[in-house]
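[1] Kindly return the folded structure for what I paste below:
(one chain, ligands or ions: 2)
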Amino acid sequence: MTTEQKYIVALDQGTTSSRAVVLDHNANIVCSSQREFTQIYPKAGWVEHDPLEIYATQSSTLVEALAKAGIRSDQVAGIGITNQRETTIVWNKNTGKPVYNAIVWQCRRTADTCEQLKKAGLEEYIRDNTGLVVDPYFSGTKIKWILDNVEGAREEAEAGNLLFGTVDTWLIWKMTQGRVHVTDYTNASRTMVFNINTLEWDEKLLKALDIPLSMMPEVKSSSEVYGETNIGGKGGTRIPIAGIAGDQQAALFGQMCVEPGQAKNTYGTGCFLLMNTGKEKVTSHNGLLTTLACGPTGEVAYALEGAVFMGGASIQWLRDEVKLLDDAKDSEYFAEKVGSANGVYVVPAFTGLGAPYWDPYARGAIVGLTRGVNSNHIIRATLESVAYQTRDVLDAMQADSGIKLGTLRVDGGAVANNFLMQFQSDILDTEVHRPVVTEVTALGSAYLAGLAVGFWGSIDELKDKAVLDRKFIACNDDGKRNRRYNGWKRAVECAKGWAVEDDI
Ligand SMILES: Nc1ncnc2c1ncn2[C@@H]1O[C@H](COP(=O)(O)OP(=O)(O)O)[C@@H](O)[C@H]1O
Ligand SMILES: O=P(O)(O)OC[C@H](O)CO
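    Numbers count the residues shown, from 1 in each chain. Ligands and ions are numbered 1, 2, ... in the order given. Predicted coordinates for the structure are as follows:
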């Protein structure tokens with residue numbers, strides 16, 4: 001069979017849905033399939049997923065996408081996995097059963113453990129060795145929570161019976177029937193127990209959090225064959241799983257940001273602005289993270305990251321909880337019906353604030369309400385909040401890197417919103433470039449897998465595949481831009497430190 005008759009499949013396991021995307025040799029998406037799954041909110045500020053539902057939705061999208069495209073499993077040259085990062089799963093390796101639900105990256109339940117780490121004087125060590133700030137966002141304190149709170153878990157872990165994984169690790173373990181327990185550098189770098197200087201699990205931090213090393217997966221590069229899976233059950237074709245990357249690093253690769261200074265922003269559930277810094281590990285002085293990403297062949301590289309917790313999810317909140325919208329895309333129509341947000345600011349700190357504020361106690365706020373404010377103003381202000389948060393992290397990134405970005409490459413579900421993209425460009429005073437294919441996370445993951453199995457010879461074959469859909473050019477009214485952004489900064493102050501510890 002020639003390469004032309006073969007395909008690469010990307011499995012994109014996101015915060016709200018699981019997707020399978022099939023690519024041909026020209027890097028065209030030939031088919032995709034998507035399933036949403038249950039979001040579990042046991043208490044205020046807590047977020048969980050069912051690991052078995054994650055696996056079930058993901059594996060069914062794979063089968064469905066191949067069936068839709070009429071592709072046989074022996075035509076699949078390789079599978080790439082990309083995933084919501086930090087989300088923590090612990091399972092028993094003998095029974096294959098999770099001991100608790102997946103604790104999702106957004107979950108704030110471990111804020112007190114983070115306070116204890118700070119009191120123990122570990123903040124600077126964590127910053128220097130993991131690149132991260134001490135925040136409940138990352139996996140380490142979530143693993144500790146499971147071991148401390150699930151009956152019998154600690155004993156089982158110490159007896160060597162429990163395994164930890166981020167979602168990539170869990171999926172691969174399931175897809176290989178428990179034979180492969182592995183992750184990649186990009187996912188490991190989000191756990192707060194992985195040393196990004198030595199590229200090994202950090203024993204001092206594992207000890208500080210009481211996590212046995214035996215639970216941790218083997219850490220590998222983002223582009224190599226980790227194992228094989230058989231689609232279609234016993235006796236089915238064995239397909240190499242050949243790429244792993246956290247979804248934001250996959251999007252960085254998919255946008256071809258593989259050289260130092262290249263950056264992208266992804267607008268999905270959250271917003272994640274990443275800049276590749278190559279071999280240089282840049283430490284932020286402005287509230288950003290240092291993380292691991294991929295160079296041109298998928299090899300490990302450093303990146304700076306601004307992680308914003310609520311992006312498109314704040315529009316989902318307007319749709320599902322406040323019921324101001326039937327569909328997220330209608331937000332553009334309603335926002336355009338009013339000429340401004342009428343002085344209203346929405347700060348969507350529903351799960352605290354991430355970069356550059358790092359306040360797990362911040363909570364959502366709507367400020368500037370007057371009698372003339374209607375639902376369109378609130379919708380517009382919610383969309384604007386996504387752009388203001390991106391300005392916060394872009395300013396920080398430009399200060400840390402010393403690089404002024406002339407253009408911002410964007411991707412993710414919410415970039416379909418033209419109002420948001422134009423407002424983004426205006427508030428940044430930077431051109432915003434939107435590609436035709438906005439499923440860049442899946443592209444990046446497919447590229448990593450395809451390069452590992454020789455489906456593509458090198459990244460140069462892929463560089464000219466991205467086609468620009470639209471450029472958004474900034475307005476030149478500095479006065480308006482600055483007034484609006486200053487209003488946002490004041491609004492953020494109102495949201496900070498709101499929750500008391502008992503609320504978490
Ligand atoms: N036209 C739109 N305008 C604003 N937000 C949108 C639009 N379309 C989708 N979204 C938001 O984008 C998010 C979905 O993007 P996606 O990249 O699929 O997210 P994820 O990978 O995090 O699950 C949802 O939170 C949704 O509310
Ligand atoms: O599911 P997404 O696309 O919003 O990504 C979630 C991030 O990986 C969390 O760090």
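[2] only C-alpha atoms for contact and neighbour calcs from this point on.
    Noted.
[3] interface residues of this protein facing ligand 1?
    Contact residues, the chain versus ligand 1 (C-alpha under 6 Å from any ligand atom): 14-17, 268-269, 312-313, 315-316, 328-329, 331, 412-414, 416-417.
[4] Just the buried residues of the residues you listed.
    14-17, 268-269, 312-313, 315-316, 328, 331, 412, 414, 416-417 (16 or more other C-alpha atoms under 10 Å).
[5] residue ranges for the strands of the stretch 151-300 of the chain, please.
    162-165, 182-184, 194-195, 200-201, 218-220, 223-231, 237-246, 263-267, 271-278, 289-294, 300-308 (DSSP state E, counting those that start in this stretch).
[6] Partner strands of the first one and their direction?
    What it means is strand 162-165. If you go by DSSP bridges, strand 162-165 pairs up with strand 89-92 (antiparallel).
[7] Now mean pLDDT and distance to residue 358 too, for the strands of the stretch 151-300 of the chain, in a markdown table please.
    Listed next are these as a markdown table, based on pLDDT from 0 to 100; distance: least, C-alpha to C-alpha, whole Å:
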| stretch | mean pLDDT | distance to residue 358 |
| --- | --- | --- |
| strand 162-165 | 98 | 25 |
| strand 182-184 | 98 | 26 |
| strand 194-195 | 98 | 20 |
| strand 200-201 | 98 | 24 |
| strand 218-220 | 98 | 28 |
| strand 223-231 | 92 | 32 |
| strand 237-246 | 94 | 21 |
| strand 263-267 | 94 | 19 |
| strand 271-278 | 93 | 14 |
| strand 289-294 | 96 | 11 |
| strand 300-308 | 95 | 10 |
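[8] Pipe those into JSON lines and attach mean neighbour count and distance to ligand 2 per row.
    Shown next, in JSON lines, are those (neighbours: other C-alpha atoms under 10 Å; distance: least, C-alpha to the nearest ligand atom, whole Å):
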{"stretch": "strand 162-165", "mean neighbour count": "26", "distance to ligand 2": "14"}
{"stretch": "strand 182-184", "mean neighbour count": "24", "distance to ligand 2": "14"}
{"stretch": "strand 194-195", "mean neighbour count": "23", "distance to ligand 2": "16"}
{"stretch": "strand 200-201", "mean neighbour count": "18", "distance to ligand 2": "19"}
{"stretch": "strand 218-220", "mean neighbour count": "18", "distance to ligand 2": "18"}
{"stretch": "strand 223-231", "mean neighbour count": "20", "distance to ligand 2": "18"}
{"stretch": "strand 237-246", "mean neighbour count": "27", "distance to ligand 2": "6"}
{"stretch": "strand 263-267", "mean neighbour count": "26", "distance to ligand 2": "8"}
{"stretch": "strand 271-278", "mean neighbour count": "26", "distance to ligand 2": "7"}
{"stretch": "strand 289-294", "mean neighbour count": "29", "distance to ligand 2": "11"}
{"stretch": "strand 300-308", "mean neighbour count": "25", "distance to ligand 2": "7"}
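[9] contacting residues around the helix or strand harbouring residue 448?
    Using DSSP states H and E, residue 448 sits in helix 440-452. For helix 440-452, contacts defined as C-alpha atoms under 8 Å, 6 or more residues apart in numbering pick out 8-12, 21, 23, 27, 77-82, 222-225, 241-245, 247-248, 250-255, 297-298, 411-412, 456-459.
[10] What is the neighbour count of the residue in the stretch 101-250 of the chain that ligand 1 sits nearest to?
    Nearest to ligand 1 in the stretch 101-250 of the chain, going by C-alpha to the nearest ligand atom, is residue 247, at a distance of 8.1 Å. Applying other C-alpha atoms under 10 Å, we find 26 residues neighbouring residue 247.
[11] Sweet, I'm off.
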